[in-house]
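J.: model this:
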Amino acid sequence: KISIIVPAYNIGAYVGRCLESLLNQTYPNIEVIAIDDGSQDDTGDLLERYAEKYPQIIVIHQKNSGVTAARFAGIERATGDYIGFVDGDDTVDSDMFEMLLTDADRYGADIAHCGYQMEFPDGRIYRFYGTGEVAEQDRDQGLLDLLEGRRVEPGLCNKLYRSSLLKTLLQDLRMDRAIRINEDLLMNFLLFSQASHSVFRDVCKYHYTMRKGSASKEEESLYKLRDPQHVAWLLWQETQD
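T.: Predicted coordinates:
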């Protein structure tokens, strides 16, 4: 079983197409856990309407606490053997999770991940990277590729994790749930540190939507300055031995 966690905040115009892409997955045994992170638009109502129609969708409502807290709320609720993440304004190809699960099983991997494409409002598409290669990684190689930005992109959403890895983070004090910037890099560092084996298939199955008003485009605020420094400090401490 795969649990897919979808954090959602003020994305009523996008979240429907995200859920449709998950409902159309070729792998059938999926639960979708959507977290309404205190939205002020119709996001929460849309999620509830989908949940009423599709029993595999579970909705959690919480006060606005940021994407990390939303994802952790999903992890706590997840019942799958594997867990994936999809941002509520993005979409995935219909066979992405079947492909990742097949690779995890075939290679005995704790983490299976793939390429992605970044889609801009003007129609431009940047692919990362689309070479078609398949690369197996042990713990050291996975961490090196992550920190060097090769093969392992810092994002969480193009990956499938063994559930037991993510469940350990619930008690890990290093994973501060208040972090909103570079939280994915920190979480991946902690997860790849535990993964004995991972596999990367470089086909671009995840569609990352660049849009005006997205979290990555918000006006400057204190956490945008604080969080990257905090994450960099934590990673420096963890890599000194």
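J.: three-state assignment of Leu235?
T.: Following DSSP: H, G, I helix; E, B strand; the rest coil, Leu235 is assigned to helix.
J.: correct me, but it touches Leu186?
T.: Yes - the pair Leu235 / Leu186 is scored as a contact, 7.1 Å apart, by CB atoms under 8 Å. Where you see a C-beta, it was placed from the backbone N, CA and C, and this is true even at glycine.
J.: of those two, who's got more company?
T.: A count of neighbours by other CB atoms under 10 Å puts Leu186 above the other of Leu235 and Leu186, at 22 against 17.
J.: got the contact list for the closest residue to that one other than its chain neighbours?
T.: Using CB to CB, 6 or more residues apart in numbering and skipping residues adjacent in sequence, the residue nearest Leu186 is Val231, 4.8 Å away. Val231 makes contact with 179, 181-183, 185-186, according to CB atoms under 8 Å, 6 or more residues apart in numbering.
J.: now, the residues you listed that are in helices?
T.: 183, 185-186 (DSSP state H).
J.: what distance do you get for Leu19 to Asn158?
T.: Distance, Leu19 to Asn158, by CB to CB, to the nearest Å: 18 Å.
J.: next SSE after the helix or strand hosting Ile83?
T.: Taking DSSP states H and E as the criterion, Ile83 maps to strand 82-85. Later in the chain than strand 82-85, the nearest helix or strand by DSSP H and E is strand 91-92.
J.: higher neighbour count, Leu19 and Asn158?
T.: A direct count of neighbours by other CB under 10 Å for Leu19 and Asn158 places Asn158 higher, at 27 against 24.
J.: does the more buried one really touch His113, like I thought?
T.: Yes - here Asn158 reaches His113: they are 5.6 Å apart, a contact under CB under 8 Å.
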